[in-house]
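# Sequence first, predicted model second:
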Amino acid sequence: MATLVVKKSLMHRYQSINQALEEAKVGDFIEIRDGIYEESIEVSKRLTLYGKGDVTIKGGVFIRYQTHVEMRNLRFSQGQGIYIKGDLQLENCVIEQQMVSTQVTVNFGSLMMKNVDIIASPSNQFGLRIDNGSSVMLSESSIQQHAKAQIIVQNSEISMTKCLLLEGATNGIFAIRNVKMSIEDCEIHGHEKTQIVAASCTINMINTVIHGGKDLGIQVFSGSKLTMDHCEIKHHIGTNVVVHESEIVATDSIIANGQSNGFYIGEKSKAIIYDCLLFEHVKPQLFIENSKAEVRKCHVRKGSTTGVTIFNEADVIMTECDIHHHTQFHVIVDASGLVADQCIIHSGQTGGIYGNDHAKITLKNSHIQNFESHHIYINNARLFANNCTFKHIIGNGITCIDAIVEVVDSQFLHCQQSPYSIFWSDKSMGRIQNCAIDETERTFLAMTNQSLLEIVNISLPHVKTAAIVQEQSQLYIRGQFNDGKCQKDSSSKITRPNLQPVTTENIQRLVEKYSTSNISKGEQ
């Protein structure tokens, strides 16, 4: 392996890079000394080219198919672009202001870049274009200020580590059709359009910050799969993360400070969101539409409207989540299903949970507390609450309109003095069983408009009024209950059915009765 020295001097054998390329053997080194070399080069053999001093190449660079080339310490400026069909390793280089729309093109090839800056002029639309089964690895590099996507990739693989994508006029990354992408310890900032767009792709992001965009942060659709771990997506004018007809797994990430939604999960997508923090979005922080989602150990706080909106036949399971300080209802469930287990929903100006249009809401082992209005408001929906605590009640604790409700083994605590009832049923039906209520001067239950409720084993020794039953409503009382604290109008009923307990003696008596009856019929 020889070293061929290129220098613009009459004292040197090689005064141009092409002279050295012609005579170089496979495996040789070409050392390029200080100067500006206005020539295009084509490399068709395995070589290493490196600059010594300040070296600028003004011309096109073409790496032939099945050719391995290494280049380092070079500046490529005002040339005709870099085209890679073989295998190129670039290190400590600058690529800038190429006189073509795409500065670097990888087609049927591979590229490894370390400590390389790709800087655009106004005429450069793309920084890096990758296509046709190519493979690209970027490390400690930056791509800046392109008119369209800084990186456009399809049918290829790309890996980025400790890279910067900065200040593009359109997208940071535009990926379509069978792309596998890994992004680790990177920063993507300041693009006018969506910072990452991906269709039919697989993306794995770790320790990455995407922020300060003028549109969306990330948008994935058409069967993509996005995995995020320890990432921050924040400060976007549009939604921070949008998922359409795709899958997302987000863990230990921060989604914050957006002018729209934090997450939008829609169009039959699937989402798993663990240990994430969502805060300070202008629109609902977590919006799930017609999709399935599992949300665990997440904190959703300080939104300008709603914390979680579940809409249009979505199916959501929330476990050990903390949702607080929103100006509107913290959770809205519209024509969808929600199962909330071990959650805390608290501290809001309006209410806790709103269910509408055949929503099905199941609450288990959860706390709903500190709201100025309704803790739970359901309209034409179903509510099943088991072992829950409703605490610091100012307005109605639970309001049911045209609904089905069952509240079991739950507590109503610290009910402040108010003209509202703790539990209000309007044209609804259901059961309240084995619940406890703190001492209060308020009415516990108000029933209107043909409601039908059953109360089972509820102790109300310290309430001002146990129940007010009006407008053709019916209340059935079983077990422990103070009937003397109930009121009703003439159109309504309060009934305590006198049902005998089912014992062995009762069963034996019924058997003997039917046996005797059958014998008598046989004799006739």
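Yep, that arrived. As the structure is a prediction and not an experimental result, all values here were calculated from the model.

# Could you report the neighbour count for the nearest residue to M447 once chain neighbours are set aside?
The spatial neighbour of M447 that comes closest, neighbours along the chain excluded (Cβ to Cβ, 6 or more residues apart in numbering), is S473 at 4.1 Å. The C-beta positions use only the backbone N, C-alpha and C, and glycine is treated the same way. By the measure other Cβ atoms under 10 Å, the count of residues near S473 is 27.

# Wait, S473 touches T448, no?
Yes. Look at S473 against T448 with Cβ atoms under 8 Å: they come within range, at 6.3 Å.

# shared neighbours, those two?
With contacts taken as Cβ atoms under 8 Å, 6 or more residues apart in numbering, the residues that reach both S473 and T448 are S425.

# Spit out the contact partners of the residue nearest to M447.
For S473, the contacting residues are 425, 447-453, 488, 492-493, taking Cβ under 8 Å, 6+ apart as the criterion.

# which of the residues you listed are buried?
Neighbour counting over these (16 or more other Cβ atoms under 10 Å) leaves 425, 447-448, 450-453, 488, 492 as the buried ones.

# what residue ranges in the stretch 401-524 of the chain score low on pLDDT?
Counting by pLDDT under 70, the stretch 401-524 of the chain contains low-confidence residues at 481-484, 498-524.

# ok, the residue lying closest to L286 once chain neighbours are set aside - how many residues close by?
Counting by Cβ to Cβ, 6+ apart, the nearest residue to L286 once its immediate chain neighbours are dropped is V308, at 4.6 Å. Burial measure for V308: 31 neighbouring residues, criterion other Cβ under 10 Å.

# In this structure, where is pLDDT below threshold?
Flagging of the chain using pLDDT under 70 yields the residue ranges 481-484, 498-524.

# switch the cut-off to 50
Within the chain, the stretches with pLDDT under 50 are 500-502, 521, 523-524.

# Name the residue closest to the centre of it, please.
Within the chain, the residue whose C-alpha comes closest to the C-alpha centroid is F263; the distance, by Cα atoms, centre = their mean, is 4.0 Å.

# In contact with it, which residues?
Contact partners of F263, counting by Cβ under 8 Å, 6+ apart, are 239-241, 243, 248, 250, 255, 271, 273, 278, 285-288.

# same question, Y274
Under the criterion of Cβ under 8 Å, 6+ apart, the neighbours of Y274 are 249-252, 295-298.

# Could you rerun that using 7 Å?
The contact partners of Y274, by Cβ atoms under 7 Å, 6 or more residues apart in numbering, come to 251, 296-297.

# which one of those is nearest K180?
Taking Cβ to Cβ as the measure, T251 is the one of the contacts of Y274 closest to K180, at 19.7 Å.

# quick one: T3 and L49, what's the gap?
Computed as Cβ to Cβ, to the nearest Å, the T3 to L49 distance reads 11 Å.

# from memory T305 sits against Q328, does it?
Yes. Here T305 lies in contact with Q328, judged by Cβ atoms under 7 Å, at a distance of 4.9 Å.

# ok, back up a step: more neighbours: which of T3 and L49?
For T3 versus L49, neighbours defined as other Cβ under 10 Å are more numerous around L49 (26 against 12).

# That one is in what secondary structure piece?
Applying DSSP states H and E as the criterion places L49 in strand 47-57.

# strand partners of that strand, parallel vs antiparallel please.
Looking at strand 47-57 with DSSP bridges, its paired strands and their directions are strand 29-37 (parallel), strand 68-72 (parallel), strand 75-77 (parallel).

# Fine by me, we can end here.
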